[in-house]
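[1] what's the 3D shape of this:
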Amino acid sequence: MLETLKNAFKTKEIRVKIFLTLALLLVYRVGCYIPVPGFSAEAMAEVFQDDFLSILTSMSGGSLSSATLFSLGILPFINAFIIMQLLTLVIPKLEKLSKEGDAGRRKITQITRYVALVLAAVQGIGIVVGWRNAITSPFSFEAGWDAPYLTMASIILILMAGSTMVMWLGERITEYGIGNGTSLIIFVGIISQAGTMMGEAFVMVGESWTLIWNIIGFILVVIAIFVFIVFIDLSERRVTVQYAKQIKGNKMYGGQTTYIPIRVNGSGVMPIIFASSLLMFPQMIMALFAPGTEAYVWYSTYMGSGTAVYYVLLALFILFFSYFYAQIQFNPEDVSKNIQQYGGFIPGIRPGKYTSDFLKKISNRITLFGALFLMVIALVPTFIFDALSTAGGASLGFGNAFSATGLLIVVSVALELNKQLESQIMMKHYKGFLK
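    Coordinates of the predicted model:
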């Protein structure tokens, strides 16, 4: 990775892209510190002491708990993207658009932007309604009103504008910079939140030197988990495909051997995002619109984040969504038809249905292993970090520094960024066959 960065800075065009990406990310981080007029940051910080809400703000780099311009962050666009992916499978018109090449993808992206704007409005309404006590009206004529509607409306519009700007920054990074803009924004948010947590932990070391062992243990565990994620993320099952020789005219075609790479964790972080979003959605809605009610207290106690039922359901949903997402990404029937169409076959397996069944069997086994890996990453680090966070009655907050989703996102984005840098370096240094 360091060697790749060193070579990247030697090429002027790639160097300009890197600096542009860093500049846009800097704009994003500056926006995370611009306060929203009408919100009390101190009151919001007290609200977000809850473990469930601290998980929500970790994805925005802490800006949600500080009531800043980019409080919603990129989450509305991510939710809209997930919704559009699911709707593409059930709505024929969207499925047709997805197969029309660049023009169809541009239309789907435009629809995704509109859906993200609607979700940002809904989340903005939920924030001002759920945390209405944190609103301090900047307008003097609303000082004696029970419901400062003008202030609430302005806050919703500001939050929507901030979310739209973050979405625009992500698209500009993707178009003119290095890597995927949306992923890099999430990456920066997670890293900044983790850095803040580590800084607070080191401050607490001044009060008790024994806490330094908890910090060292946390760092070692994070490194071990990163190595494990990289090992699994780069693992794949290669299915050998042999193409028969064909004589067309005076030339012979085919006769080569290749392989189909089936990744162990082909679904990436999506099953964890789907599972956690589905489980956290009822609690989030009740926290925004019905906080303190009996239903919210019961759900938080028995099915909320951190309960035994929550972890069991999380594991089951990860297993379900792993197979669901694997069916979207890898279709054995289509792969079998393509192999047979081009005169290929898997050694020892007959073409057609037998090849399809063979690929389906391999895919199901690989998906099961990938789902078990995601379960381990989603559950085990949480318990380890919570154990390391508590020492001598002090809470270091390691459980919120790196969530399961955050760990996978950080590693996946870093690996993808390294691959893109290597490919661009190769393109710039490739001279071709003629001098």
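
[2] where does the stretch 251-400 of the chain dip in pLDDT?
    For the stretch 251-400 of the chain, applying pLDDT under 70 flags the ranges 251-255, 288-291, 390-400.

[3] so which strand or helix has I111?
    Element membership of I111, judged by DSSP states H and E, is helix 102-130.

[4] So for that helix, mean pLDDT?
    Averaging pLDDT along helix 102-130 gives 85.

[5] What residue spans form the domains of the protein?
    Structural domains assigned to the chain are 1-192, 208-402, following automatic domain parsing.

[6] for Q283, what are its contacts?
    The contact partners of Q283, by CB atoms under 8 Å, 6 or more residues apart in numbering, come to 52, 296, 299-300, 303-305. C-beta: built from backbone N, CA, C; applies to glycine.

[7] Phi first, then psi, for it.
    Note on Q283: its backbone torsions stand at phi -70, psi -40 [degrees, to the nearest 10].

[8] if we look at stretch 222-231, which residues are touching it?
    For stretch 222-231, the external contacting residues (CB under 8 Å, 6+ apart) are 377, 381, 402, 407-408, 410-411, 415.

[9] who wins for neighbours among the contacts of Q283?
    Within the contacts of Q283, most neighbours by other CB atoms under 10 Å means G304, with 22 neighbours.

[10] before we move on, the earlier item: quick check: the farthest pair among the contacts of Q283?
    Greatest spatial distance in these: Y296 and S305, 12.7 Å, computed using CB to CB.

[11] From the contact counts, what lies against the helix holding I111?
    helix 75-90, helix 92-98, helix 149-176, helix 270-289 (3 or more CB pairs under 8 Å, 6 or more residues apart in numbering; DSSP states H and E).

[12] and that helix with helix 75-90, angle?
    Relative orientation of helix 102-130 versus helix 75-90 (axes from the mean of the first three to the mean of the last three CA atoms, to 10 degrees): 130 degrees.

[13] thinking again about what came up before, taking the contacts of stretch 222-231 together, which two end up most distant?
    The span of those, defined through CB to CB, is set by P381 and L415 at 18.5 Å.

[14] What's the separation between the spatially closest residue to S98 that is not a sequence neighbour and Q110?
    Nearest residue to S98, sequence neighbours excluded (CB to CB, 6 or more residues apart in numbering): T88, at 5.3 Å. According to CB to CB, to the nearest Å, T88 stands 14 Å off from Q110.

[15] Which one of the two is surrounded by more residues?
    T88 (18 against 10).

[16] Show me which residues of the longest helix along the chain are buried.
    For the chain, the helix with the greatest residue count under DSSP state H is helix 353-389. Residues of helix 353-389 classed as buried by neighbour count (16 or more other CB atoms under 10 Å): 355-356, 358-360, 362-363, 366-367, 370-371, 373-375, 377-379, 381-382, 384-385, 388-389.

[17] ok, now stretch 204-224?
    Buried residues in stretch 204-224 (16+ other CB under 10 Å): 204-205, 211, 214-215, 217-218, 221-222.

[18] Look up how far P261 lies from I366.
    Distance from I366 to P261, by CB to CB: 11 Å.

[19] Spit out the residues that contact those two alike.
    Jointly contacting I366 and P261 under the rule CB under 8 Å, 6+ apart are R237.

[20] Report the mean per-residue pLDDT for stretch 26-41.
    Mean pLDDT, stretch 26-41: 84.

[21] and it, how far from the chain's centre?
    Between the centre of stretch 26-41 and the centre of its chain there are 22 Å (CA atoms, centre = their mean, to the nearest Å).

[22] before we move on, what about stretch 175-189?
    Distance of stretch 175-189 from the chain centroid (CA atoms, centre = their mean) equals 11 Å.

[23] CA atoms only: put it into CSV for me.
    Extracted C-alpha coordinates of stretch 175-189, given in CSV (Å, rounded to 0.1, in the frame of the first residue of the first chain):
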residue,chain,number,x,y,z
GLU,A,175,-16.0,11.4,-11.1
TYR,A,176,-12.8,13.5,-10.7
GLY,A,177,-10.9,11.9,-7.8
ILE,A,178,-9.7,8.5,-6.7
GLY,A,179,-12.0,5.7,-5.6
ASN,A,180,-15.7,5.6,-4.8
GLY,A,181,-16.8,8.9,-3.2
THR,A,182,-19.6,7.4,-1.1
SER,A,183,-17.4,4.8,0.4
LEU,A,184,-14.6,7.3,1.1
ILE,A,185,-17.0,9.6,2.9
ILE,A,186,-18.1,6.7,5.1
PHE,A,187,-14.5,5.7,5.6
VAL,A,188,-13.4,9.2,6.7
GLY,A,189,-16.4,9.4,9.1
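
[24] Pull out the buried residues from it.
    177-189.

[25] Spatially nearest residue to Q340 (excluding sequence neighbours)?
    Among residues not flanking Q340 along the chain, P351 sits closest, at 4.6 Å (CB to CB, 6+ apart).

[26] That neighbour is in contact with F345, isn't it?
    Yes: using CB atoms under 8 Å, P351 is in contact with F345, at 5.2 Å.

[27] Identify the contacts common to those two.
    Common neighbours of P351 and F345, using CB under 8 Å, 6+ apart, are I339.

[28] More neighbours: these two, which one.
    F345 (19 against 16).

[29] isn't that one right up against Q242?
    Yes: counting by CB under 8 Å, F345 touches Q242, with 5.9 Å between them.

[30] Out of the contacts of stretch 222-231, which one has the weakest pLDDT?
    Across these, the smallest pLDDT goes to F402, namely 64.

[31] Just the CA coordinates for the helix or strand where I219 lies, please, in PDB.
    Using DSSP H and E, I219 falls within helix 211-233. Extracted C-alpha coordinates of helix 211-233, given in PDB (Å, rounded to 0.1, in the frame of the first residue of the first chain):
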ATOM      1  CA  LEU A 211      -6.100   1.700  31.300                       C
ATOM      2  CA  ILE A 212      -3.100   1.800  28.900                       C
ATOM      3  CA  TRP A 213      -3.200  -2.100  28.800                       C
ATOM      4  CA  ASN A 214      -6.800  -1.900  27.700                       C
ATOM      5  CA  ILE A 215      -5.800   0.500  24.900                       C
ATOM      6  CA  ILE A 216      -2.900  -1.700  23.800                       C
ATOM      7  CA  GLY A 217      -5.200  -4.800  23.900                       C
ATOM      8  CA  PHE A 218      -7.800  -2.900  21.800                       C
ATOM      9  CA  ILE A 219      -5.200  -1.900  19.200                       C
ATOM     10  CA  LEU A 220      -3.800  -5.500  18.900                       C
ATOM     11  CA  VAL A 221      -7.300  -6.900  18.500                       C
ATOM     12  CA  VAL A 222      -8.200  -4.400  15.800                       C
ATOM     13  CA  ILE A 223      -5.000  -5.300  13.900                       C
ATOM     14  CA  ALA A 224      -5.800  -9.000  14.200                       C
ATOM     15  CA  ILE A 225      -9.300  -8.500  12.900                       C
ATOM     16  CA  PHE A 226      -8.000  -6.400  10.000                       C
ATOM     17  CA  VAL A 227      -5.600  -9.200   9.000                       C
ATOM     18  CA  PHE A 228      -8.400 -11.700   9.200                       C
ATOM     19  CA  ILE A 229     -10.800  -9.600   7.100                       C
ATOM     20  CA  VAL A 230      -8.100  -9.000   4.500                       C
ATOM     21  CA  PHE A 231      -7.400 -12.700   4.300                       C
ATOM     22  CA  ILE A 232     -11.100 -13.600   3.800                       C
ATOM     23  CA  ASP A 233     -11.800 -10.700   1.500                       C
END
